[in-house]
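Colleague: Let's see this in three dimensions:
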Amino acid sequence: MKDNQGEIQTLQNEIALYLRVDIDNLVFSFKQKDDVIRLDLITINSNHDQSFLFHTTKAEDKLGALKKMVDYIRNQYNNDDTYTLQWMKIGESTLHTSYFRAKHIYEVLDKFFFERDLNSYRIYGITLNPIS
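Modeller: Numbers count the residues shown, from 1 in each chain. Here you go, the predicted model:
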């Protein structure tokens, strides 16, 4: 199945709008393994220029993976718990605070450490935020 570049761009823009993030602060990482396309949506925090995994979907093609991402954002994202994570890069002196939505604390850690060296960062605290 051929990907429709126009539809792909439209869905990517829709995702950026829904998340209230500049499209330049999103990375749509598509990887193919066998007959499956995996989409890792990565956000880039402009304050400290670090990237974090937002969510992963899988489908038969890029368009399908993007549609599943839109579906997740519309129907599940706001139902996940919110967490505050305080961290520092080893060798630096600035404590950073980042926010994640996840089903549980392990998913927060997976999102934080996605494509990152475990030994390069120190976690100072993870807090499950109260439901507002």
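Colleague: averaged over its residues, what pLDDT does stretch 55-70 have?
Modeller: The pLDDT scores in stretch 55-70 average 96.
Colleague: Span of it from start to end?
Modeller: The first and final residues of stretch 55-70 sit 11 Å from each other (CA to CA, to the nearest Å).
Colleague: Could I get the buried residue list for it?
Modeller: If you call a residue buried by 16 or more other CB atoms under 10 Å, then stretch 55-70 has these buried ones: His55, Thr56, Thr57, Ala59, Asp61, Lys62, Leu63, Gly64, Ala65, Leu66, Lys68, Met69. Bear in mind the C-beta positions are built from the backbone N, C-alpha and C, glycine included.
Colleague: Could you say which helix or strand holds the last one?
Modeller: For Met69, the host element (DSSP states H and E) is helix 62-75.
Colleague: The helix or strand following that helix: how far from the chain's middle?
Modeller: Next in sequence after helix 62-75, counting helices and strands by DSSP H and E, comes strand 81-89. Mean-position distance between strand 81-89 and its chain equals 14 Å (CA atoms, centre = their mean, to the nearest Å).
Colleague: Stretch 30-38 now?
Modeller: Distance of stretch 30-38 from the chain centroid (CA atoms, centre = their mean) equals 18 Å.
Colleague: now what about it, what contacts it?
Modeller: Here stretch 30-38 makes contact (CB atoms under 8 Å, 6 or more residues apart in numbering) with Leu39, Asp40, Thr56, Thr57, Lys58, Ala59, Glu60, Asp61, Lys62, Gly64, Ala65.
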